[in-house]
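**Student:** With the input below, show me the fold.
(chains A and B)
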Amino acid sequence: MAKNKVSFKLKSNLSELDALCEHLERFGQSIGLSPKCIFEANLALDELFTNIISYGFDDRSEHIIKITITHQDDNLVFSIEDDGVPFNPTKAKAPDLECTIEECKIGGLGIHLAKNLMDEVCYQRCKNKNILTLTKNIKETEPKKKRVKN
Amino acid sequence: MEIIEENQGGINIYKLNGRLDSNTSQSFEKKIFQAIDDGSKSVIIDFKNLDYISSAGLRVILKATKALTREDGKIMLCDMQDYVKEVFEIAGFDSFLPIVSTMDDALQAF
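**Tutor:** From the prediction side, this is the model:
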(Lines give C-alpha, C1' and ligand atoms only; values in the text may rest on other atoms or scores of the structure.)
Protein backbone atom coordinates (compact mmCIF):
# COMPACT_ATOMS: atom_id res chain seq x y z
CA MET A 1 0.00 0.00 0.00
CA ALA A 2 1.23 3.49 -0.79
CA LYS A 3 2.59 5.54 2.03
CA ASN A 4 0.83 8.84 2.70
CA LYS A 5 2.49 11.46 4.75
CA VAL A 6 1.59 14.98 5.83
CA SER A 7 3.49 17.40 8.00
CA PHE A 8 2.42 20.74 9.45
CA LYS A 9 3.48 23.27 12.06
CA LEU A 10 1.33 24.78 14.80
CA LYS A 11 2.11 27.82 16.91
CA SER A 12 2.08 27.51 20.71
CA ASN A 13 -1.42 28.96 21.00
CA LEU A 14 -4.70 27.24 21.89
CA SER A 15 -6.38 28.87 18.91
CA GLU A 16 -4.32 26.49 16.75
CA LEU A 17 -6.64 23.66 17.83
CA ASP A 18 -8.92 24.63 14.96
CA ALA A 19 -6.03 24.32 12.49
CA LEU A 20 -5.15 20.92 13.99
CA CYS A 21 -8.72 19.77 13.42
CA GLU A 22 -8.73 21.03 9.82
CA HIS A 23 -5.43 19.32 8.98
CA LEU A 24 -6.64 16.03 10.48
CA GLU A 25 -9.99 16.14 8.71
CA ARG A 26 -8.37 16.92 5.36
CA PHE A 27 -5.79 14.17 5.70
CA GLY A 28 -8.30 11.70 7.14
CA GLN A 29 -10.78 12.25 4.34
CA SER A 30 -8.05 11.98 1.70
CA ILE A 31 -7.19 8.46 2.86
CA GLY A 32 -10.79 7.46 3.62
CA LEU A 33 -10.63 7.31 7.41
CA SER A 34 -13.88 6.84 9.29
CA PRO A 35 -15.27 9.89 11.16
CA LYS A 36 -14.79 7.95 14.42
CA CYS A 37 -11.12 7.45 13.69
CA ILE A 38 -10.65 11.12 12.78
CA PHE A 39 -12.42 12.08 16.03
CA GLU A 40 -10.18 9.84 18.13
CA ALA A 41 -6.98 11.03 16.45
CA ASN A 42 -8.10 14.62 16.87
CA LEU A 43 -8.80 14.12 20.57
CA ALA A 44 -5.47 12.41 21.30
CA LEU A 45 -3.47 15.10 19.46
CA ASP A 46 -5.57 17.89 21.01
CA GLU A 47 -4.84 16.63 24.54
CA LEU A 48 -1.10 16.29 23.98
CA PHE A 49 -0.86 19.61 22.11
CA THR A 50 -2.85 21.42 24.82
CA ASN A 51 -0.61 19.85 27.43
CA ILE A 52 2.54 21.00 25.67
CA ILE A 53 1.44 24.60 25.35
CA SER A 54 -0.02 24.73 28.87
CA TYR A 55 3.03 23.32 30.68
CA GLY A 56 5.84 22.91 28.19
CA PHE A 57 7.27 26.39 27.91
CA ASP A 58 8.75 28.50 30.65
CA ASP A 59 8.99 31.68 28.60
CA ARG A 60 6.42 33.81 26.85
CA SER A 61 7.84 33.63 23.36
CA GLU A 62 6.14 31.79 20.55
CA HIS A 63 7.15 28.20 19.88
CA ILE A 64 6.44 25.86 17.02
CA ILE A 65 5.03 22.37 17.46
CA LYS A 66 5.60 20.14 14.48
CA ILE A 67 3.17 17.37 13.68
CA THR A 68 3.71 14.63 11.14
CA ILE A 69 1.15 12.00 10.20
CA THR A 70 2.13 8.90 8.28
CA HIS A 71 -0.33 6.35 6.97
CA GLN A 72 1.12 3.03 6.04
CA ASP A 73 -0.79 -0.21 5.68
CA ASP A 74 -3.08 -0.52 8.70
CA ASN A 75 -1.31 2.02 10.85
CA LEU A 76 -1.42 5.74 11.39
CA VAL A 77 1.70 7.12 13.02
CA PHE A 78 1.64 10.59 14.54
CA SER A 79 4.75 12.42 15.59
CA ILE A 80 4.58 15.53 17.80
CA GLU A 81 7.79 17.49 18.23
CA ASP A 82 8.30 20.47 20.56
CA ASP A 83 11.23 22.39 22.03
CA GLY A 84 9.71 22.74 25.49
CA VAL A 85 10.96 21.51 28.86
CA PRO A 86 11.58 17.76 29.01
CA PHE A 87 8.31 15.97 29.72
CA ASN A 88 7.50 12.32 29.25
CA PRO A 89 3.71 11.84 29.27
CA THR A 90 4.06 8.06 29.14
CA LYS A 91 5.37 8.27 32.72
CA ALA A 92 2.57 10.56 33.92
CA LYS A 93 0.45 9.21 36.77
CA ALA A 94 -2.89 7.82 35.62
CA PRO A 95 -5.99 9.38 37.16
CA ASP A 96 -8.03 7.35 39.64
CA LEU A 97 -11.04 6.26 37.61
CA GLU A 98 -12.71 4.47 40.52
CA CYS A 99 -13.16 7.66 42.52
CA THR A 100 -16.42 9.25 43.59
CA ILE A 101 -17.47 12.57 42.11
CA GLU A 102 -16.17 14.56 45.08
CA GLU A 103 -12.78 12.85 44.95
CA CYS A 104 -12.51 13.04 41.19
CA LYS A 105 -9.75 15.28 39.94
CA ILE A 106 -9.15 16.30 36.40
CA GLY A 107 -5.34 16.17 36.40
CA GLY A 108 -3.80 13.64 34.05
CA LEU A 109 -7.08 13.04 32.29
CA GLY A 110 -5.97 14.39 28.91
CA ILE A 111 -2.97 12.06 28.79
CA HIS A 112 -5.16 9.19 29.94
CA LEU A 113 -7.55 9.85 27.04
CA ALA A 114 -4.69 10.07 24.53
CA LYS A 115 -3.16 6.78 25.71
CA ASN A 116 -6.51 5.06 25.48
CA LEU A 117 -7.25 6.28 21.98
CA MET A 118 -3.87 5.18 20.64
CA ASP A 119 -2.35 1.71 20.49
CA GLU A 120 1.14 2.87 21.31
CA VAL A 121 2.68 6.03 22.76
CA CYS A 122 6.47 6.42 22.76
CA TYR A 123 8.56 9.27 24.09
CA GLN A 124 12.05 10.36 23.14
CA ARG A 125 14.14 13.33 24.20
CA CYS A 126 16.43 14.16 21.32
CA LYS A 127 18.51 17.28 20.59
CA ASN A 128 16.65 19.34 23.20
CA LYS A 129 13.30 18.31 21.76
CA ASN A 130 10.43 16.20 23.05
CA ILE A 131 9.32 13.75 20.41
CA LEU A 132 6.13 11.80 20.93
CA THR A 133 5.28 9.03 18.54
CA LEU A 134 1.73 7.71 18.61
CA THR A 135 0.56 4.69 16.68
CA LYS A 136 -3.03 3.86 15.93
CA ASN A 137 -4.11 0.68 14.21
CA ILE A 138 -6.99 1.58 11.96
CA LYS A 139 -7.88 -1.83 10.63
CA GLU A 140 -10.85 -2.39 12.93
CA THR A 141 -12.12 1.15 13.05
CA GLU A 142 -12.51 1.53 9.30
CA PRO A 143 -15.94 0.61 7.96
CA LYS A 144 -16.00 -2.86 6.48
CA LYS A 145 -16.10 -2.95 2.74
CA LYS A 146 -19.25 -4.35 1.23
CA ARG A 147 -18.82 -7.68 -0.39
CA VAL A 148 -19.38 -7.44 -4.10
CA LYS A 149 -21.01 -10.38 -5.81
CA ASN A 150 -19.47 -11.51 -9.05
CA MET B 1 -19.04 26.87 19.56
CA GLU B 2 -22.59 28.10 20.00
CA ILE B 3 -24.42 27.80 23.32
CA ILE B 4 -28.18 28.19 23.31
CA GLU B 5 -29.59 28.90 26.75
CA GLU B 6 -33.22 28.17 27.59
CA ASN B 7 -35.30 28.02 30.72
CA GLN B 8 -38.08 25.50 30.94
CA GLY B 9 -40.11 25.41 34.16
CA GLY B 10 -37.16 26.61 36.24
CA ILE B 11 -34.67 24.25 34.59
CA ASN B 12 -31.70 25.87 32.88
CA ILE B 13 -31.07 24.12 29.59
CA TYR B 14 -27.81 24.52 27.67
CA LYS B 15 -27.77 23.31 24.09
CA LEU B 16 -24.19 22.93 22.93
CA ASN B 17 -23.41 23.24 19.27
CA GLY B 18 -19.96 22.55 17.81
CA ARG B 19 -16.78 21.74 19.68
CA LEU B 20 -16.13 21.92 23.43
CA ASP B 21 -12.34 22.08 23.81
CA SER B 22 -9.76 24.17 25.66
CA ASN B 23 -10.54 27.02 23.28
CA THR B 24 -14.27 27.14 23.92
CA SER B 25 -14.74 25.64 27.39
CA GLN B 26 -14.13 28.92 29.20
CA SER B 27 -17.14 30.67 27.71
CA PHE B 28 -19.33 27.71 28.65
CA GLU B 29 -17.88 27.64 32.17
CA LYS B 30 -18.67 31.33 32.57
CA LYS B 31 -22.28 30.88 31.42
CA ILE B 32 -23.10 27.88 33.55
CA PHE B 33 -21.44 29.29 36.68
CA GLN B 34 -23.27 32.57 36.24
CA ALA B 35 -26.52 30.61 36.45
CA ILE B 36 -25.34 28.56 39.46
CA ASP B 37 -24.21 31.75 41.23
CA ASP B 38 -27.63 33.23 40.50
CA GLY B 39 -29.22 30.32 42.34
CA SER B 40 -30.01 27.86 39.57
CA LYS B 41 -30.29 24.33 40.95
CA SER B 42 -31.61 22.44 37.96
CA VAL B 43 -29.48 22.11 34.84
CA ILE B 44 -29.75 20.08 31.66
CA ILE B 45 -26.96 19.99 29.11
CA ASP B 46 -28.13 18.95 25.67
CA PHE B 47 -25.28 17.34 23.69
CA LYS B 48 -27.32 16.64 20.55
CA ASN B 49 -25.35 19.03 18.34
CA LEU B 50 -22.01 18.72 20.09
CA ASP B 51 -19.52 17.13 17.71
CA TYR B 52 -16.45 17.08 19.91
CA ILE B 53 -15.37 17.21 23.56
CA SER B 54 -11.91 17.14 25.13
CA SER B 55 -10.79 16.90 28.76
CA ALA B 56 -11.17 20.69 29.02
CA GLY B 57 -14.89 20.24 28.35
CA LEU B 58 -15.12 17.33 30.79
CA ARG B 59 -13.48 19.52 33.42
CA VAL B 60 -16.22 22.18 33.15
CA ILE B 61 -18.99 19.57 33.39
CA LEU B 62 -17.33 17.97 36.42
CA LYS B 63 -16.85 21.33 38.12
CA ALA B 64 -20.46 22.37 37.48
CA THR B 65 -21.76 19.01 38.72
CA LYS B 66 -19.75 19.33 41.93
CA ALA B 67 -21.00 22.88 42.50
CA LEU B 68 -24.63 21.88 41.91
CA THR B 69 -24.36 18.80 44.14
CA ARG B 70 -23.04 20.96 46.98
CA GLU B 71 -26.10 23.20 46.63
CA ASP B 72 -28.49 20.22 46.57
CA GLY B 73 -29.06 20.87 42.90
CA LYS B 74 -29.15 18.46 39.99
CA ILE B 75 -27.64 18.13 36.54
CA MET B 76 -28.65 15.87 33.66
CA LEU B 77 -26.72 15.26 30.45
CA CYS B 78 -28.66 14.10 27.42
CA ASP B 79 -28.60 13.09 23.77
CA MET B 80 -24.86 12.44 23.32
CA GLN B 81 -23.41 11.29 20.04
CA ASP B 82 -21.60 7.97 20.33
CA TYR B 83 -18.08 9.43 19.99
CA VAL B 84 -18.77 12.03 22.67
CA LYS B 85 -20.24 9.43 25.01
CA GLU B 86 -17.16 7.29 24.51
CA VAL B 87 -15.00 10.12 25.86
CA PHE B 88 -17.07 10.18 29.07
CA GLU B 89 -16.68 6.40 29.30
CA ILE B 90 -12.89 6.38 28.80
CA ALA B 91 -12.61 9.09 31.44
CA GLY B 92 -14.74 7.02 33.82
CA PHE B 93 -17.18 9.91 34.15
CA ASP B 94 -20.17 7.84 33.06
CA SER B 95 -20.09 6.11 36.47
CA PHE B 96 -21.09 9.23 38.39
CA LEU B 97 -22.63 11.62 35.86
CA PRO B 98 -26.30 11.15 34.97
CA ILE B 99 -26.26 10.57 31.19
CA VAL B 100 -29.61 9.84 29.55
CA SER B 101 -30.65 9.25 25.95
CA THR B 102 -33.22 11.94 25.30
CA MET B 103 -34.27 15.40 26.42
CA ASP B 104 -37.58 13.91 27.62
CA ASP B 105 -35.70 11.50 29.90
CA ALA B 106 -33.68 14.42 31.25
CA LEU B 107 -36.78 16.56 31.91
CA GLN B 108 -38.52 13.68 33.67
CA ALA B 109 -35.67 13.41 36.16
CA PHE B 110 -36.70 16.69 37.78
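**Student:** For the residue positioned nearest the centre of chain A, list the residues it contacts.
**Tutor:** Centroid-nearest residue in chain A: A:Leu45, 2.5 Å away (criterion: C-alpha atoms, centre = their mean). Residues near A:Leu45 by C-beta atoms under 8 Å, 6 or more residues apart in numbering or on different chains: A:Leu20, A:Leu24, A:Ile67, A:Phe78, A:Ile80, A:Ala114, A:Leu134. All C-beta spots, glycine's among them, are computed from the backbone N, C-alpha and C.
**Student:** what's the answer for B:Ile53, then?
**Tutor:** By C-beta under 8 Å, 6+ apart, the neighbours of B:Ile53 are B:Arg19, B:Leu20, B:Asp21, B:Val84, B:Val87.
**Student:** what number of residues lie near the residue nearest to the first one when sequence neighbours are not counted?
**Tutor:** It stands for B:Arg19. Excluding the flanking residues, the one nearest B:Arg19 by C-beta to C-beta, 6 or more residues apart in numbering or on different chains is B:Tyr52, at 4.1 Å. When neighbours are counted by other C-beta atoms under 10 Å in any protein chain shown, B:Tyr52 registers 21.
**Student:** Compute the distance between the closest residue to chain A within chain B and A:Ile101, please.
**Tutor:** Going by C-beta to the nearest C-beta, chain A is nearest to B:Gly92 of chain B, at 3.4 Å. B:Gly92 sits 11 Å away from A:Ile101, going by C-beta to C-beta, to the nearest Å.
**Student:** who's more crowded, those two?
**Tutor:** Taking other C-beta under 10 Å, B:Gly92 and A:Ile101 do not tie; B:Gly92 has more neighbours (17 against 13).
**Student:** who touches the more buried one in this structure?
**Tutor:** Neighbour list for B:Gly92: A:Pro95, A:Leu97, A:Glu98, A:Cys99 [criterion: C-beta under 8 Å, 6+ apart].
**Student:** all strands for chain B, in order.
**Tutor:** For chain B, the strands defined by DSSP state E cover B:2-8, B:11-20, B:42-53, B:74-78, B:99-100.
**Student:** Quick check: mean pLDDT of the third one?
**Tutor:** Predicted confidence along strand B:42-53 averages 98 (mean pLDDT).
**Student:** Show me what A:His71 is bridged to.
**Tutor:** A:Asn4, A:Leu76 (DSSP bridges).
**Student:** where does chain B come near chain A, residue by residue?
**Tutor:** B:19, B:21-23, B:52, B:54-56, B:58-59, B:62, B:65-66, B:69, B:82-83, B:87, B:90-93, B:95-97 (C-beta under 8 Å from any C-beta of the partner chain).
**Student:** So for residue 53, what's the nearest residue that isn't a sequence neighbour?
**Tutor:** Went with chain A since none was named. That would be A:Ser12: by C-beta to C-beta, 6+ apart, it lies 4.6 Å from A:Ile53.
**Student:** was after chain B, sorry
**Tutor:** B:Leu20 (4.7 Å).
**Student:** There's contact between that neighbour and B:Tyr14 in this structure, I believe.
**Tutor:** No. With contact defined as C-beta atoms under 8 Å, B:Leu20 does not count as touching B:Tyr14 (10.6 Å).
**Student:** Going through the residues of chain B next to chain A, which ones are buried?
**Tutor:** For the residues of chain B next to chain A, a burial check counting by 16 or more other C-beta atoms under 10 Å in any protein chain shown picks out B:19, B:21-23, B:52, B:54-56, B:58-59, B:62, B:65, B:83, B:87, B:90-93, B:97.
**Student:** hmm, back to that, and the two most separated of the contacts of B:Gly92?
**Tutor:** Pairwise distances across those peak at 9.9 Å for A:Pro95 and A:Glu98 (criterion: C-beta to C-beta).
**Student:** between these two, who's got more neighbours?
**Tutor:** Neighbour count, other C-beta under 10 Å: between A:Pro95 and A:Glu98, A:Pro95 has more, with 20 against 9.
**Student:** Shouldn't the more buried one be within a strand?
**Tutor:** No. Counting by DSSP: H, G, I helix; E, B strand; the rest coil, one finds A:Pro95 to be coil, located in no strand.
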